[in-house]
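1. quick one, what's the 3D model for this:
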Amino acid sequence: MSTKRIRPAIYHYYPRGPHKNHMSMREEEYKTEVTFLPQALTDSIYVQLFDLKFEIPPSKIFLADAKMDEGDEMEVKTSIYVEGDCAVRFELYVMQYSDEERLSNKRFSLTLNPGMNPIEEVVKQMDGAKYFKMSYKYIVETLDPITVRFDDLYVTFR
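-> Sure, this is the predicted structure:
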């Protein structure tokens, strides 16, 4: 069993998709604060850990952090702090890759209440998987700005 600590520093997170201007981000003591600024209820706003398209592994810059260790399962533990007094919804995607392509894409629906929300999800490691990525899709239910803070991420291979 091995655990990686991946600090969600702002340089790890890339806005993904055509609505990347519909958020602002800042780093604060190794945590990443994101304010979602949707322009329409149909916006698809993603915050992606690591870079490049969802269909391929990350670039060489991030391969060390994205490398999967031996094991049958991968456990993702983090927490997300929601500012304000409204619950927000996200979809968490945990993707696994070979050297060239995506092998799996597991989706988890998250409803986050105001304050601190611990997140703990487990995915089965795919045969041939060498790297992983994660992405959060913000489910737009209001055009009001919503601010959340992504805290330290721990990934355990067991």
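2. give me the low-pLDDT residue ranges for the protein?
-> 7-20, 29-30 (pLDDT under 70).
3. give me the most central residue, it.
-> Nearest to the geometric centre of the chain sits residue 135, at 3.5 Å (C-alpha atoms, centre = their mean).
4. counting by contacts, list what the helix or strand hosting that residue packs against.
-> Taking DSSP states H and E as the criterion, residue 135 maps to strand 131-139. Strand 131-139 sits against strand 45-49, helix 63-66, strand 88-97, with contacts defined as 3 or more C-beta pairs under 8 Å, 6 or more residues apart in numbering; DSSP states H and E. Placement of C-beta: from N, CA and C, glycine included.
5. in TSV: the ones you listed, plus distance to residue 56.
-> Formatted as TSV, these follow (distance: least, C-beta to C-beta, whole Å):
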stretch	distance to residue 56
strand 45-49	12
helix 63-66	12
strand 88-97	7
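6. reformat those as a markdown table; add mean neighbour count and distance to residue 125.
-> A markdown table is the format used below for the helices and strands packed on strand 131-139 (neighbours: other C-beta atoms under 10 Å; distance: least, C-beta to C-beta, whole Å):
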| stretch | mean neighbour count | distance to residue 125 |
| --- | --- | --- |
| strand 45-49 | 23 | 17 |
| helix 63-66 | 16 | 14 |
| strand 88-97 | 20 | 7 |
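7. for residue 75, find the nearest of the ones you listed.
-> Counting by C-beta to C-beta, residue 75 lies closest to strand 88-97 out of the helices and strands packed on strand 131-139; the figure is 10.2 Å.
8. check contacts around residue 122.
-> Listed by C-beta atoms under 8 Å, 6 or more residues apart in numbering, the contact partners of residue 122 are 73, 74, 75, 76.
9. just the buried subset of these, please.
-> Buried subset of the contacts of residue 122 (neighbour count, 16 or more other C-beta atoms under 10 Å): 74, 75, 76.
10. now, those that are in strands?
-> Counting by DSSP state E, the buried ones among the contacts of residue 122 place 74, 75, 76 in strands.
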